[in-house]
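Q: what would the 3D arrangement of this be:
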Amino acid sequence: MAFRNFIIICATFAVALAQSTELQLEAIEAHFQNAELVPVPIPVFDPTAVLTANFQGLGDITPGQLISQDQVANSPNLTLTPANSTITLNGNYTVAMIDPGAVGSDQSQGQNRHWLVNGATIVDNKVNFDGATTITAYAGPAPPAGSGPHRYTIVIYTQGANFAPPQNLSSLVPGVELFDFPSYVKSTNLGPLVAGIYYQVEVGTATASIPATSSVISSTLPAANPSSSGKPSGTSSGSKPTGTTGNTSGAMGNLVSGSLLGITVVLSYIML
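A: As a prediction, this is how the structure comes out:
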């Protein structure tokens, strides 16, 4: 009986983790929508994994987090958590970081390319750049003073058999430059998108009004309310996207902690 209870608790723990990942995915989708990153410059944002970006000295960032230039001057370590056990992370991937400017910026001339690597792989859920082709090495943010909080967006796409980079972006292109990211995704046959995250950097005080967006309240997301229906709602965040994650982290912590507590109790019982 004790062993059976242990199996049940382990299953509960697995379900809790799955629910946590689902909530994180719903939250990041809402963040990208609220920050007006979809459909431009990201035509379709339907991630199948949670992307964690860890900067040395800063740690894991939260979606939309406002960060100083110095804190993100160097490239982060990237980790992917698949949505479920049916998602496999095999083959090659393209990693890109683009800057579409602040919310409401004119993107008719494209987006600034800050990072572009083809042929990355996933090893133990970590993005591995050994043997990959770096087109643009990671270049830290440097938004113009007074231009508002820029949205530095990191995305990972699968590279299928038909992936073919354009000649001008098939080898090292040093420095940050404008390019049409949606056209790049389409013309190179990239896809589907696997995951994404973004952070914000602002220098000085914005000289123009930045359009208001809404923050993400994770307690309103469907994954946090399995028995409810309808779309999540937000609350006004003023003149800038706040990148608030609501209680996403807390929800995951509570689910994991509760399941771990249950396992601990059963293990103690078995040992009696």
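Q: ok, the nearest residue to residue 54 once chain neighbours are set aside - how many residues close by?
A: Spatially, and ignoring its direct neighbours in sequence, residue 54 is nearest to residue 77 (4.6 Å; CB to CB, 6 or more residues apart in numbering). All C-beta spots, glycine's among them, are computed from the backbone N, C-alpha and C. Neighbourhood size, residue 77 [other CB atoms under 10 Å]: 12.
Q: how much space is there between residue 77 and residue 210?
A: Applying CB to CB, to the nearest Å, the value for residue 77 to residue 210 is 30 Å.
Q: still on that earlier bit, the residue nearest to residue 54 contacts residue 125, correct?
A: No - in terms of CB atoms under 8 Å, residue 77 does not count as a neighbour of residue 125; the distance is 11.3 Å.
Q: so the one residue sitting closest to the centre of the chain bridges to which residues?
A: To find the centre residue of the chain, average its C-alpha atoms and take the closest one (CA atoms, centre = their mean): that gives residue 197, at 2.3 Å. Beta bridges link residue 197 to residue 154, judged by DSSP bridges.
Q: distance of it relative to residue 90?
A: Residue 197 is 22 Å from residue 90, by CB to CB.
Q: what does residue 136 give?
A: Using CB to CB, one obtains 25 Å as the distance from residue 136 to residue 90.
Q: who's more crowded, these two?
A: Under the neighbour definition other CB under 10 Å, residue 136 and residue 90 were set side by side, and residue 136 has more, 20 against 8.
Q: could I get the full set of strands for the stretch 101-250 of the chain?
A: Under the criterion DSSP state E, counting those that start in this stretch, the stretch 101-250 of the chain contains strands at 111-123, 126-128, 133-136, 150-159, 177-179, 190-201, 214-216, 234-236.
Q: for residue 69, which of these is the nearest?
A: Proximity of these to residue 69 was assessed by CB to CB; the nearest stretch is strand 190-201, lying at 5.8 Å.
Q: residues of the closest one that come out buried?
A: Neighbour counts using 16 or more other CB atoms under 10 Å place 190-191, 193-201 of strand 190-201 among the buried residues.
Q: elements contacting it?
A: Contacts of strand 190-201 with other secondary structure elements, assessed using 3 or more CB pairs under 8 Å, 6 or more residues apart in numbering; DSSP states H and E, are made with helix 2-34, strand 49-55, strand 65-66, strand 150-159.
Q: where does the protein dip in pLDDT?
A: Per-residue confidence of the chain (counting by pLDDT under 70) places the weak regions at 1-19, 212, 214, 217-219, 226-272.
Q: next, give phi and psi for residue 72.
A: Torsion angles at residue 72 (phi, psi; degrees, to the nearest 10) stand at phi -120, psi 30.
Q: confirm for me that it is in contact with residue 201.
A: Yes - at 6.8 Å, residue 72 counts as touching residue 201 under the criterion of CB under 8 Å.
Q: joint contacts of those two?
A: Among the neighbours of residue 72, those also in contact with residue 201 (CB atoms under 8 Å, 6 or more residues apart in numbering) are 141, 152.
Q: what about stretch 39-49, how long is it end to end?
A: When the termini of stretch 39-49 are compared using CA to CA, to the nearest Å, they are 19 Å apart.
Q: excluding chain neighbours, what is closest to residue 30?
A: Once flanking residues are discounted, residue 30 sits nearest to residue 216: 4.5 Å by CB to CB, 6+ apart.
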